[in-house]
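J.: Show me how the following folds:
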Amino acid sequence: MNVIETSGLGRRYGHSWALRDCTIAVPEGHLVALVGPNGAGKSTFLHLVVGLASPSEGEVRVLSGEPAGSPASRDGIAFVAQDMPLYRRYSVADMLHLTRNLNQSLDMPYAIQRLADLGINPKQRTGSLSGGQHAQLALTLAIARHPRLLVLDEPTASLDPLARHDFMATVMTAMAEDGVSVVLSSHVLAELERVADFLILLTHGQIRLTGTVDSLLADHRFVTCPADADLSDSEIIESRTSGPRMHCVAKVSAAHGLPPGCETRPVGIEELSMAYLRESTHPQPSSLLGVAR
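T.: Numbers count the residues shown, from 1 in each chain. Alright, predicted model coming up:
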């Protein structure tokens, strides 16, 4: 079963395309890392998935074929936005009751117990919570709905390392206990290295790389070779030359191999993502010029 399927998906703001020609299938059961520079279209993609925006072209379906934004999809998806909007004057208990009233279901005993375990006082106003407590409250409200898909838009961007670790531990526990699939947009590539098993990399509003982490890492290598080596049978993603040697991240053809004098080693998610992001600094196609969100 796929939790996300898109076909020719695009979103335009005025005359500018924030996302275009996005075709992808994301199987259930993964923690998906959504990576890209600012303005690449990550938030636009997530808003289309959860139904907060409508496509300008193409379509997006979720949870085994439900149209994004439909009642069935809204019941099965929980979304934590980057700014984690909570009513600052409301108490924690008020936010729990409001969330229960606005949704088909909310596991109130689970939410109350989880907040108690975190030492969050239900009488405390949300505006007085620390950054980590604020994030944990937003996450608790999301996972207490027991969604099939949890979508997180850079939720740890403003958190300190300990709060980020605790937040991600909660996400991983929800995956293990409820089988929820997760899509996580983040700039903290080292954090994604530890938890993600599926990668989507966006640049200039288009998908540049997608697949399971295992398959992507198996296809790419860090190559060191003579500067004049013939690597025409490999796709060089990003390279630099140091004296007589060239160092590059490349998609290596297993059938053709590498010429003599080349040495290789594996790459990780961070190194692979950075290679594609550096590659993307070349001028973008004119059809995508404009403001991406």
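J.: Doesn't residue 223 lie inside a helix?
T.: No - read with DSSP: H, G, I helix; E, B strand; the rest coil, residue 223 is strand and lies in no helix.
J.: hang on, isn't it packed against residue 231?
T.: Yes - the pair residue 223 / residue 231 is scored as a contact, 7.4 Å apart, by C-beta atoms under 8 Å. All C-beta atoms are positioned from the backbone trio N, CA, C, and that covers glycine.
J.: which residues of the stretch 101-250 of the chain score low on pLDDT?
T.: Of all residues in the stretch 101-250 of the chain, none has pLDDT under 70.
J.: where along it do the strands fall?
T.: Secondary structure of the stretch 101-250 of the chain (DSSP state E, counting those that start in this stretch): strands at 149-153, 181-185, 198-203, 206-212, 220-226, 235-242, 245-251.
J.: how about these in JSON lines, adding distance to residue 49?
T.: Listed next are the strands of the stretch 101-250 of the chain as JSON lines, based on distance: least, C-beta to C-beta, whole Å:
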{"stretch": "strand 149-153", "distance to residue 49": "6"}
{"stretch": "strand 181-185", "distance to residue 49": "7"}
{"stretch": "strand 198-203", "distance to residue 49": "11"}
{"stretch": "strand 206-212", "distance to residue 49": "13"}
{"stretch": "strand 220-226", "distance to residue 49": "27"}
{"stretch": "strand 235-242", "distance to residue 49": "27"}
{"stretch": "strand 245-251", "distance to residue 49": "28"}
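J.: a markdown table for those, including distance to residue 94 and mean neighbour count?
T.: As requested, these are exported to a markdown table (distance: least, C-beta to C-beta, whole Å; neighbours: other C-beta atoms under 10 Å):
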| stretch | distance to residue 94 | mean neighbour count |
| --- | --- | --- |
| strand 149-153 | 23 | 25 |
| strand 181-185 | 27 | 25 |
| strand 198-203 | 36 | 24 |
| strand 206-212 | 41 | 18 |
| strand 220-226 | 49 | 19 |
| strand 235-242 | 50 | 14 |
| strand 245-251 | 50 | 18 |
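J.: which stretch among those comes nearest residue 26?
T.: strand 198-203 (6.6 Å; C-beta to C-beta).
J.: Distance from the closest one to the middle of the chain?
T.: 8 Å (C-alpha atoms, centre = their mean, to the nearest Å).
J.: for that strand, packing partners?
T.: strand 16-27, strand 31-35, strand 206-212, helix 213-219, helix 269-279 (3 or more C-beta pairs under 8 Å, 6 or more residues apart in numbering; DSSP states H and E).
J.: Who does that strand pair with, and is each partner parallel or antiparallel?
T.: According to DSSP bridges, strand 198-203 forms sheet pairs with strand 31-35 (parallel), strand 206-212 (antiparallel).
J.: Dump the ones you listed to a markdown table, plus distance to residue 269.
T.: Below are the strands paired with strand 198-203 laid out as a markdown table (distance: least, C-beta to C-beta, whole Å):
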| stretch | distance to residue 269 |
| --- | --- |
| strand 31-35 | 7 |
| strand 206-212 | 11 |
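J.: And the contacts of stretch 99-108?
T.: 75, 96, 141, 144-146 (C-beta atoms under 8 Å, 6 or more residues apart in numbering).
J.: and of the strands paired with strand 198-203, who's closest to residue 131?
T.: strand 31-35 (21.9 Å).
J.: quick check: angle from the next helix or strand after the closest one to strand 198-203?
T.: Per DSSP states H and E, strand 31-35 leads on to helix 42-50 as the next helix or strand towards the C-terminus. Following axes from the mean of the first three to the mean of the last three C-alpha atoms, to 10 degrees, one obtains 130 degrees for the angle between helix 42-50 and strand 198-203.
J.: shared neighbours, residue 223 and residue 231?
T.: 248, 250, 258.
J.: Out of these, the closest to residue 272 would be?
T.: residue 250 (10.8 Å).
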